[in-house]
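Colleague: fold the following.
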Amino acid sequence: MRSLPYFCGGQVVQVFSRGSKQLGISTANFTEQVVDNLPADISTGIYYGWASVGGADVHKMVVSIGWNPYYKNLKKSMEAHIMHTFKEDFYGEILNVAIVGYLRPEKNFDSLESLISAIQGDIEEAKKRLDLPEHLKIKDDHFFQVSKGNIMNGHQ
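Modeller: Numbering: from 1, shown residues only. Model prediction:
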């Protein structure tokens, strides 16, 4: 995946509303435009990186890119779980992310419990990998300093 790290941003939209409700794991969904502009070499799967909402602090995150086979999505999606507790929803805000690494391919699960377990494992693995020096430095990248109104898609 030559495009990593990949930096992109876009408005957070309400799509499925199942992350917090069904999974107990809140997610922020990107618009179709952001998903459609992903480089061809970023395949579907689970990735990790950094995220900032509305130009605020940068936090660790995992992001799912794909069809979410358990839910049989009809459209490809990109949804991030930011490892931070927010006081309220942030629909409409700009979410900037830096995708720095790949965890695993997307796959189907035979139960909601096994899906939740896999996501929790992804979160723990992402936390460890993001503490590596080569990933920590990206947290301070200039990309996260751009003004709140900018929507950027690209890689470094």
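
Colleague: in this protein, which helix is the longest?
Modeller: Secondary structure of the chain per DSSP state H: the longest helix is helix 112-130.

Colleague: hey, where'd the helices end up in the chain?
Modeller: 32-36, 112-130, 133-136.

Colleague: possible to save those as CSV with mean pLDDT, distance to Gly9 and mean neighbour count?
Modeller: Bear in mind the C-beta positions are built from the backbone N, C-alpha and C, glycine included. Output for the helices of the chain, formatted as CSV (pLDDT from 0 to 100; distance: least, Cβ to Cβ, whole Å; neighbours: other Cβ atoms under 10 Å):
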stretch, mean pLDDT, distance to Gly9, mean neighbour count
helix 32-36, 92, 8, 15
helix 112-130, 94, 19, 15
helix 133-136, 96, 19, 12
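
Colleague: distance check, the residue sitting furthest away from the middle of the chain against Ile123.
Modeller: Taking Cα atoms, centre = their mean, the residue of the chain most remote from its mean C-alpha position is Asp110, at 23.3 Å. Using Cβ to Cβ, to the nearest Å, one obtains 21 Å as the distance from Asp110 to Ile123.

Colleague: same question, Asp36
Modeller: Taking Cβ to Cβ, one finds Asp36 at 27 Å from Ile123.

Colleague: got any ranges where the protein has weak pLDDT?
Modeller: For the chain, the stretches with pLDDT under 70 are 1, 16-21, 69-74, 146-156.

Colleague: which stretches in it count as strands?
Modeller: Counting by DSSP state E, the chain has strands at residues 6-13, 28-30, 45-53, 58-66, 77-82, 94-104, 153-155.

Colleague: TSV for the ones you listed, including distance to Pro133 and mean neighbour count?
Modeller: Shown next, in TSV, are those (distance: least, Cβ to Cβ, whole Å; neighbours: other Cβ atoms under 10 Å):
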stretch	distance to Pro133	mean neighbour count
strand 6-13	19	20
strand 28-30	27	25
strand 45-53	14	23
strand 58-66	15	22
strand 77-82	22	23
strand 94-104	12	22
strand 153-155	20	14
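
Colleague: which one, of these, ends up nearest to Leu130?
Modeller: Taking Cβ to Cβ, strand 58-66 is the member of these nearest to Leu130, at 4.9 Å.

Colleague: elements contacting that closest one?
Modeller: Helices and strands touching strand 58-66, by 3 or more Cβ pairs under 8 Å, 6 or more residues apart in numbering; DSSP states H and E, are strand 45-53, strand 77-82, strand 94-104, helix 112-130.
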